[in-house]
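> Mind looking at a prediction? Sequence and model below.
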Amino acid sequence: MRKTLLALLASTLLVSACGFRDSRVNPMNWFGPARAEAVTPEANDNPLIPKRSGLFAKRRAEVETYEGRPFEQITDLTVEPVPGGAIIRATGLAARQGIYSVRLTPANEEELPVNGVLTYRLEGVRPDRSTRQGTQPTREVIAGRRLTEQDLRGVREIRVEGELNALVSRR
């Protein structure tokens, strides 16, 4: 064991003394120092968008479709002012338990007010299997959406619709 330890110590000293720092065996020298290069982007090229497709590129390329359906009843609507805009908070009551991916979807794609009325639908995705009806607290959901001051420009009232009713909050 002494001979092995002495041989290991001697080889370590020998390798360290012969310039291992500048050797290609040293992993710290494998990539070298960073250096600047000129970039010549094309006219309509965004350098932040990758040109190559990766392992999950096909999945990202698919357009996501939201399969939510309107809630049966809207029970509460609150518009809370915050710095820079407002937060819309709507509470809905579903007919059955298990609804997920709840959101306030705008009535029009541009999300612009029509005659001073900004309209949203409270929607959620229903499960594939049948679920229990349950008590009222287990069927209630809350969804929110933040609006900026620019979004609220020209808006006199905010309307949230369900299947059976709609609630309106006026300025």
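It's in.
> Just the residues contacting whichever helix or strand Thr138 is part of, thanks.
Per DSSP states H and E, Thr138 falls inside helix 136-139. Residues outside helix 136-139 that contact it (Cβ atoms under 8 Å, 6 or more residues apart in numbering): 93-97, 99, 133. (Glycine included, C-beta is placed from N, CA and C.)
> From the residues you listed, which land in strands?
Judged by DSSP state E, those include Leu93 as members of strands.
> how about the contacts of helix 136-139 in a markdown table, adding neighbour count?
Output for the contacts of helix 136-139, formatted as a markdown table (neighbours: other Cβ atoms under 10 Å):
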| residue | neighbour count |
| --- | --- |
| Leu93 | 18 |
| Ala94 | 24 |
| Ala95 | 14 |
| Arg96 | 15 |
| Gln97 | 13 |
| Ile99 | 20 |
| Gln133 | 11 |
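> Redo the contacts of helix 136-139 as a markdown table? Include distance to Arg159 and pLDDT.
Listed next are these as a markdown table, based on distance: Cβ to Cβ, whole Å; pLDDT from 0 to 100:
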| residue | distance to Arg159 | pLDDT |
| --- | --- | --- |
| Leu93 | 18 | 91 |
| Ala94 | 20 | 90 |
| Ala95 | 22 | 87 |
| Arg96 | 25 | 87 |
| Gln97 | 27 | 89 |
| Ile99 | 21 | 88 |
| Gln133 | 28 | 84 |
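> List just the nearest of the contacts of helix 136-139 to Arg171.
Closest approach to Arg171 among those (Cβ to Cβ): Leu93, at 26.1 Å.
> Quickly list what the closest one is bridged to.
Gln73, Glu140 (DSSP bridges).
> roughly how far apart are it and Asp151?
Computed as Cβ to Cβ, to the nearest Å, the Leu93 to Asp151 distance reads 27 Å.
> With Ala10 instead?
From Ala10 to Asp151 the distance is 75 Å (Cβ to Cβ).
> Can you pick out the residue with more neighbours from the two?
Legend: neighbour count by other Cβ atoms under 10 Å for Ala10 and Asp151, higher for Asp151 (16 against 10).
> So the more buried one is in contact with Ile87, correct?
No: shown here, Asp151 and Ile87 do not form a contact pair, counting by Cβ atoms under 8 Å, at 11.5 Å.
> count of neighbours near Leu77?
For Leu77, the count of nearby residues is 19 (other Cβ under 10 Å).
> who's it bridged to?
Beta-bridge partners for Leu77, by DSSP bridges, are Ala90.
> For it, which residues are in contact?
Neighbour list for Leu77: 88-91, 158, 160, 167-169 [criterion: Cβ under 8 Å, 6+ apart].
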